[in-house]
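K.L.:
3D, please:
(chains A and B)
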Amino acid sequence: MEIEEERVTLTASQKKAQRSRSIAIGLALAALVVIFYIATIAKFGPSLLDRAM
Amino acid sequence: MSLVEKNLIEDAGLHLSEATAADYFALLKPRVMSLVVFTAFVGLVAAPVATNPFIAMIAVLAIAVGAGASGALNMWYDADIDALMSRTAKRPIPMGRIRPEEALTFGLILAVLSVMTLGVLVNWLAGALLAFTIFFYVVVYTMWLKRRTPQNIVIGGAAGAIPPVIGWAAATGSVSLESVILFLIIFLWTPPHFWALALFKADEYGRAGVPMMPNVAGLASTRRQIFGYALIILPVGVLPAVVGSASVGYGAVAFALGAAFVWYAWRVLKMPEGDRAMRPAKALFAYSLLYLFAIFTAYLADVVVQRMLALPGVA
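P.N.:
Residues are numbered from 1 along each chain as shown, chains lettered A, B, ... in the order given. Next comes the predicted model:
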């Protein structure tokens, strides 16, 4: 017996809301990466790369 | 999708959200956040230590997100009473756009993230103060005091008053008299600001069962207390000039702003008993917002001007 495939279908407003949330999460994560990257350089400065090999 | 998967989803009560990013932003109480950002910024700039501009920006951002997290957790806990008041009924949870548990998760994640960011990238005193502020606003004010005592916003006001102290601590790594005075200005400003609002929203607070001062002590007592606080705000606003952290020019501006506060509070005190429009209370509420922005702007301007005058070759 074959089981009928059922999918959850998002309505137009659900799709729009999901896209809006995804973009916001993406931007927030990108901002967090940039913040930690630049803050690391700002806190440690050039000495960050000045390590004994 | 298999039947097993479908059943699992149904058992878990699959919820397809229609909440947009704007709804989540509304959970952060952006208007309160703007006040927090501004006062924290003033505390940070006024501190007598030069801070890397990027680190300063991160500090302000982390404080803003921490304040937003407090707002989201407050809306999670207060969704039942928010639904009963016109001022708060359109918030995302009472409107059914965001579920309470989603707001709780969102608030907790932002709280941890903001405290860790401030601690790791700026300093741990500022991080600890931010953590204490979130705890104080959510647990002490929202969960404990708000529904139990008319002194709710008097004590809870401490949470809204700490941001300049956090800003100062972010720059200096310490708490000092200057930042404590900035704390006091906001702390003493909070009761007359919210009681002015509570005077003309007393019915709504009463319906929601929130024991604001007008509902518990009556209108006359609230008006007297508002005036009393206004009399204390006037000298406290001038204190930075007295202790020498601001100039006499700032002192004169702060005195004028404080005197106007007393005048607005006097009009509330003399408001006729049967005045249902309560224009003096609405005027005081509007002026109190202006007062706080104006006095912090005056303080910031004074600090910047003093620093410029102290530069070699100037004046």
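K.L.:
in chain A, which residue sits nearest chain B?
P.N.:
Nearest to chain B, among the residues of chain A, is residue A:24, at 3.6 Å (Cβ to the nearest Cβ). The C-beta positions use only the backbone N, C-alpha and C, and glycine is treated the same way.
K.L.:
what's the burial count for that residue?
P.N.:
The burial count assigned to residue A:24 is 15, neighbours taken as other Cβ atoms under 10 Å in any protein chain shown.
K.L.:
that one touches residue B:21, doesn't it?
P.N.:
Yes: in this structure residue A:24 lies within contact range of residue B:21 using Cβ atoms under 8 Å: 3.6 Å.
K.L.:
next, find the distance separating the closest residue to residue B:147 other than its chain neighbours from residue B:72.
P.N.:
Excluding the flanking residues, the one nearest residue B:147 by Cβ to Cβ, 6 or more residues apart in numbering or on different chains is residue B:210, at 6.3 Å. Using Cβ to Cβ, to the nearest Å, one obtains 19 Å as the distance from residue B:210 to residue B:72.
K.L.:
in what helix or strand does residue B:135 lie?
P.N.:
With elements delineated by DSSP states H and E, residue B:135 resides in helix B:124-135, which encompasses its position.
K.L.:
name the helices or strands packed onto that helix?
P.N.:
helix B:53-77, helix B:100-121, helix B:163-172 (3 or more Cβ pairs under 8 Å, 6 or more residues apart in numbering or on different chains; DSSP states H and E).
K.L.:
now with 10 Å?
P.N.:
Contacting helix B:124-135 under the criterion 3 or more Cβ pairs under 10 Å, 6 or more residues apart in numbering or on different chains; DSSP states H and E are the following elements: helix B:30-46, helix B:53-77, helix B:100-121, helix B:152-161, helix B:163-172.
K.L.:
buried set for the one helix or strand residue B:309 maps to?
P.N.:
In the assignment (DSSP H and E), residue B:309 maps to helix B:279-310. Within helix B:279-310, the residues that count as buried by 16 or more other Cβ atoms under 10 Å in any protein chain shown are B:280-281, B:284-285, B:287-288, B:291-292, B:294-296, B:298-300, B:302-303.
K.L.:
the residues you listed: which ones sit near chain A?
P.N.:
When Cβ under 10 Å from any Cβ of the partner chain is taken as the criterion, no member of the buried residues of helix B:279-310 contacts chain A.
K.L.:
hang on, the residue of chain A closest to chain B packs against residue B:28?
P.N.:
No: in this structure, residue A:24 is not within contact of residue B:28 by Cβ atoms under 10 Å, at 11.9 Å.
K.L.:
okay, now residue B:168: neighbour count?
P.N.:
Residues within reach of residue B:168, counting by other Cβ under 10 Å, total 30.
K.L.:
and for residue B:61?
P.N.:
The local packing of residue B:61 (other Cβ under 10 Å) involves 17 other residues.
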